[in-house]
Each structure stands twice: as structure tokens, then as C-alpha cells.
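A.B. asks: Predicted model follows, preceded by the sequence.
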Amino acid sequence: MTTLKAVRGTRDLLPPETALWNRIEATARAVFARYNFGEIRTPIFEDTGLFARGVGEETDIVSKEMYTWEDRARAQSEKTQSLTLRPENTAGVVRAYIEHQLGETGQLQKLYYIGPQFRRERPQKGRYRQFSQIGAEVIGPPSAGSESPLRDAEILEMLATLLDELGITGWKLDLNSVGSSVDRARYNEVLRTALDSVVSGMCVDCQRRAVTNPLRVLDCKAPADQPIIDTLPVIADSLDEASRTHFAQVLDALDAAGVPYSRNHRLVRGLDYYTRTTFEFTHGGLGAQNALLGGGRYDGLSEAIGGPKAPGIGFAMGEDRLILTLQATLNQGAVPPQLADAFIAPLGESLNPAALALARELRGAGLGIELGDGSFRLKKSFEAADKTASRIVILGEDELQSGILTVKTFATGIQTKVPRTELAVFLKP
Ligand code: HAM
């Protein structure tokens with residue numbers, strides 16, 4: 001029989017690496033708490049229409065990468081429905097915002113999430129079909145200040161803080177403004193016209209994009225197309241006064257806070273909901289998939305999926321890529337092997353129950369305990385203990401009767417007799 005393996009583009013995460021995932025998530029949660037964000041958990045699958053309308057039919061994500069299936073009706077009362085594993089979480093968060101009428105509170109909603117996303121992309125280093133994002137969204141009615149450029153700057157400043165606290169050095173922030181939907185439509189036309197005369201010399205994808213969604217031409221990675229793209233008009237020249245001012249105010253606030261950035265006219269991002277500020281943080285150590293995180297403003301997304309006006313801004317970071325970066329930079333990602341405080345070695349199977357009782361007592365005192373097995377010979381117990389714990393506690397019939405246990409500390413090789421009543425204190429690291 002062929003052995004079954006994890007599906008292409010998916011992976012198992014094992015200890016000790018999972019300790020690093022937990023550390024990242026704990027740091028992110030702590031930073032989000034300081035900025036007064038609360039956690040939102042939305043379902044992993046949604047109605048396909050949410051992504052088609054929210055992210056955009058023409059995007060690569062929706063047109064090529066979604067895991068979609070027809071969910072058959074199980075009862076008369078149900079309808080067959082097209083469902084999709086979420087390829088990203090902004091659309092789901094905005095759907096929840098609308099569904100729970102969070103706008104009615106009149107407050108800004110500051111929500112963060114950590115969880116798996118699914119895209120049928122070609123797997124490679126840093127690109128998986130199931131990957132995890134840590135993201136956050138700030139959304140609310142305009143009266144709550146959701147359109148303010150200060151919200152954009154605060155998100156970016158929070159990201160700089162979070163990356164610093166995670167120990168990620170050498171990141172680069174690229175910023176652009178894609179303007180309002182009107183600006184974008186205007187720029188799309190400007191681009192379409194400019195592309196008319198040059199597109200025949202570009203890749204087939206660009207030839208298609210020039211017709212369907214000219215903005216996407218700016219994402220093209222084909223080396224031969226780059227000199228042509230460099231000659232195309234930039235979006236900054238198509239922005240109206242309000243969008244220009246908004247962007248200038250974002251930059252002013254970032255300057256004041258000392259967050260470094262570069263302007264990148266080509267940063268239009270691969271999702272259709274973006275308006276005004278768009279951004280990406282990259283890291284040189286990641287190779288081809290160098291985007292650590294991306295995000296931006298989406299002032300019309302709520303209306304696009306049937307909700308009230310609710311401008312917002314947010315980001316999502318690729319947790320898998322954070323891990324790769326930490327592992328690569330100065331070995332900061334190396335997780336020291338986690339040793340239990342003690343390994344309890346019962347001498348003989350008849351002592352197994354007493355060993356379990358002792359383990360329960362010590363774990364109750366907050367210690368990390370590995371429980372051995374009385375069927376092991378002492379030598380085997382020592383070998384197992386040496387790999388998993390910093391000390392071994394020998395529990396034989398004599399020890400049980402006398403209440404005096406023998407403890408060996410591996411680092412020093414010293415063996416000590418310790419009364420059971422003092423054992424927990426003795427074992428404390
Ligand atoms: P995105 O740029 O599609 O944006 O994804 C954000 C990040 O997720 C990327 O920068 C990357 O680190 C990670 N990522 C994406 N695809 C993969 C993959 N196949 N394997 C590993 N990591 C991946 C969004 O998803 C938007 N929802 C972000 C956002 C939130 N915009 C506003 N609010």
C-alpha cells in the first residue's frame with residue numbers, strides 16, 4: 001500500500017519548531033493588546049460569493065487559487081451552496097462586521113486574527129497551500145474616524161513595533177497610494193491607453209491584464225517586461241487632491257514617529273478591494289517570496305459586499321515567513337530543546353502507580369515532569385532522562401518507604417538525597 005503523506009503545499013509543524021510559532025503568536029497578542037485590539041475568529045470557509053465580490057473575480061486569488069466546492073444540501077430546508085476555504089481573512093472580518101452590525105456601536109472596531117488561509121499556489125519556499133496569517137483590521141463608520149490618515153500611520157507604526165519585538169531586523173516598508181476607486185478607475189484608463197502601444201511586446205499574462213485589469217500589469221515579475229513597465233505612467237499622477245493630501249498626512253505621521261519607509265509606485269497589491277494607502281514589508285532573507293506582510297486601506301469593501309459605508313485598513317503577515325526569517329537571521333529562531341525539570345524513574349512496574357502519584361504531586365507544584373516506566377532497566381531510564389529532562393528522580397521501594405528520594409542533576413553529575421516534602425522546591429529550576 002502507498003503511504004499517505006501530507007498534501008502538497010501543506011506541512012506538519014512539530015516541536016520544537018512549534019515553540020517558535022507560539023512565541024510569535026504570544027508576542028503578537030501582547031502587542032495587539034497594547035494597541036487595544038480584540039481578537040476575532042471567523043469560520044475557515046465562507047460562501048464563495050464573499051471572495052468573488054470582496055477580493056475580486058479578476059484577481060489571481062479568486063480566478064485561480066481558491067479551494068471551492070459545491071456543498072450539497074442535506075435537507076429540504078437547505079440549498080446547495082458554493083463554499084470556499086478562505087484565501088484571506090479581510091473579507092470574512094468585514095462580513096462579520098456587517099452581520100453583527102458592529103458599525104452601530106459608532107466606535108472603531110479594532111480586530112486581530114491568527115489562523116490558516118488556503119490558496120492553490122505553486123508551492124515553494126515560503127509559499128504554501130495552507131499557510132497561517134496574523135492580521136488585524138481597523139474598521140468603522142466614517143464618524144468614528146475610520147478614514148483618518150492617522151489610522152494608517154498607527155497601523156504601520158504598530159507593525160514596525162511588532163517586527164522589532166519579534167526580533168526581525170532588516171525589514172523594509174514599501175508604501176504607495178492607489179487612490180480612491182474613482183482615481184483607480186482613472187488610472188486604469190491612463191494605463192490602458194499607455195499599454196496599447198507596448199503590450200504586444202509583453203508576456204501573455206500582461207496582454208490579458210491590459211484588457212481585463214491593467215493595474216495588475218504592475219505586479220508582473222517577467223524580467224523582459226520590467227523595462228517596459230518602468231516607462232508606464234505612475235498612479236501618483238492620477239490621484240485627486242483628497243487622496244494626495246491623505247497620503248501626505250500618512251507620510252507626515254510616519255516621519256514624526258520615526259518609522260522608515262520607501263515609496264513604491266508599483267505597489268498596487270493583488271486584491272481588488274484596496275483604496276488609498278497600500279503597503280508591504282519585505283525581508284531580503286526570504287528569497288523570491290520576500291513579502292513578510294501586506295495590507296492597506298479598503299474604504300469600499302463593506303459596500304461591495306452589501307454593507308454600510310465602513311472604511312477600514314489592515315494587514316496580514318505570513319506567519320510561515322516570519323518563522324523562516326527568524327530561523328535564517330543569526331539563528332535567532334533556534335529554539336533550545338525544551339527539557340523537563342525532572343524525569344521520574346520507577347524501579348519496577350509495581351512502582352508505576354506510585355510514580356504517577358509523585359508526578360501528579362510535582363506537576364501540581366508547577367514542575368515539568370517526564371514520567372518513566374518501571375519496565376525500563378535503570379540504564380535505559382537514565383538514557384531517556386538525559387535526553388528529556390535536567391534531572392532524574394529514582395523511585396524504588398526503599399525510596400517510597402523512607403520518603404527520601406535520590407535525585408541526579410545531569411549538568412553537574414551530582415547525586416543528592418532529598419526528602420519528598422522538599423522535592424518540589426529542590427527541583428524548581
Ligand atoms: P496578501 O498580500 O495576499 O494580503 O497576504 C498577506 C501575507 O500573507 C503575504 O505578505 C505573505 O506573507 C502571506 N502569504 C500569502 N500567500 C501565502 C502563501 N501561499 N504561503 C505563505 N504565505 C503567504 C492579504 O491576505 C490581505 N487580506 C491583507 C490585508 C488585511 N489587507 C487589508 N487587511
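C.D. replies: Nice, thanks for sending it over.
A.B. asks: Could you pull up phi and psi at the closest residue to Arg192 other than its chain neighbours?
C.D. replies: Sequence neighbours aside, Pro214 is the residue nearest to Arg192 in space, at 4.8 Å (criterion: CB to CB, 6 or more residues apart in numbering). Every C-beta, even on glycine, is put in place using the N, C-alpha and C of the backbone. Main-chain dihedrals, Pro214, degrees, to the nearest 10: phi -50, psi -30.
A.B. asks: Neighbours of Pro214, how many?
C.D. replies: 21 (other CB atoms under 10 Å).
A.B. asks: any idea how far it is from Val198?
C.D. replies: 12 Å (CB to CB, to the nearest Å).
A.B. asks: coming back round to it: dump the residue contacts of the residue nearest to Arg192.
C.D. replies: Counting by CB atoms under 8 Å, 6 or more residues apart in numbering, Pro214 touches 188, 191-192, 195.
A.B. asks: Just say helix, strand or coil for Gly296.
C.D. replies: strand (DSSP: H, G, I helix; E, B strand; the rest coil).
A.B. asks: pLDDT wise, what is it at?
C.D. replies: Looking at Gly296, its pLDDT reads 98.
A.B. asks: quick one: it and Leu286, what's the gap?
C.D. replies: From Gly296 across to Leu286, the span is 20 Å (CB to CB).
A.B. asks: Next: Ser180.
C.D. replies: Counting by CB to CB - Ser180 and Leu286 are separated by 32 Å.
A.B. asks: and what of His265?
C.D. replies: 22 Å.
A.B. asks: pretty sure Glu165 contacts Thr27?
C.D. replies: Yes - here Glu165 lies in contact with Thr27, judged by CB atoms under 8 Å, at a distance of 5.5 Å.
A.B. asks: between the two, which one's more packed in?
C.D. replies: Shown here are Glu165 and Thr27; by other CB under 10 Å, Thr27 has more neighbours (16 against 13).
A.B. asks: doesn't Leu162 make contact with the more buried one?
C.D. replies: Yes - between Thr27 and Leu162 a contact is recorded at 7.3 Å, counting by CB under 8 Å.
A.B. asks: Let me see the mean pLDDT of stretch 159-170.
C.D. replies: When pLDDT is averaged over stretch 159-170, the result is 95.
A.B. asks: and it, how far out from the chain's middle?
C.D. replies: 14 Å (CA atoms, centre = their mean, to the nearest Å).
A.B. asks: mind listing what's buried in it?
C.D. replies: Across stretch 159-170, burial judged by 16 or more other CB atoms under 10 Å covers 159-160, 162-163, 166-168.
A.B. asks: Can I get these in JSON lines including secondary structure and distance to Phe343?
C.D. replies: Formatted as JSON lines, the buried residues of stretch 159-170 follow (DSSP: H, G, I helix; E, B strand; the rest coil; distance: CB to CB, whole Å):
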{"residue": "Leu159", "secondary structure": "helix", "distance to Phe343": "43"}
{"residue": "Ala160", "secondary structure": "helix", "distance to Phe343": "44"}
{"residue": "Leu162", "secondary structure": "helix", "distance to Phe343": "38"}
{"residue": "Leu163", "secondary structure": "helix", "distance to Phe343": "39"}
{"residue": "Leu166", "secondary structure": "helix", "distance to Phe343": "33"}
{"residue": "Gly167", "secondary structure": "coil", "distance to Phe343": "32"}
{"residue": "Ile168", "secondary structure": "coil", "distance to Phe343": "36"}
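A.B. asks: Return the residues of the stretch 101-250 of the chain in contact with the ligand.
C.D. replies: 119, 121, 126-128, 131, 133, 135, 137 (CB under 6 Å from any ligand atom).
A.B. asks: So which of those residues is the closest to the ligand?
C.D. replies: Nearest to the ligand among those is Phe131, at 3.4 Å by CB to the nearest ligand atom.
A.B. asks: what helix or strand does the closest one sit in?
C.D. replies: strand 130-139 (DSSP states H and E).
A.B. asks: and that strand, what other elements does it pack with?
C.D. replies: Judged by 3 or more CB pairs under 8 Å, 6 or more residues apart in numbering; DSSP states H and E, strand 130-139 is in contact with helix 17-34, helix 90-99, strand 109-118, helix 149-166, strand 312-318, helix 319-328.
A.B. asks: Pick the most buried one from these.
C.D. replies: Comparing those by mean neighbour count (mean count of other CB atoms under 10 Å), strand 312-318 comes out on top with a mean of 25.
A.B. asks: Hey, what's the angle from it to helix 319-328? Just curious.
C.D. replies: Going by axes from the mean of the first three to the mean of the last three CA atoms, to 10 degrees, strand 312-318 is angled at 50 degrees with respect to helix 319-328.
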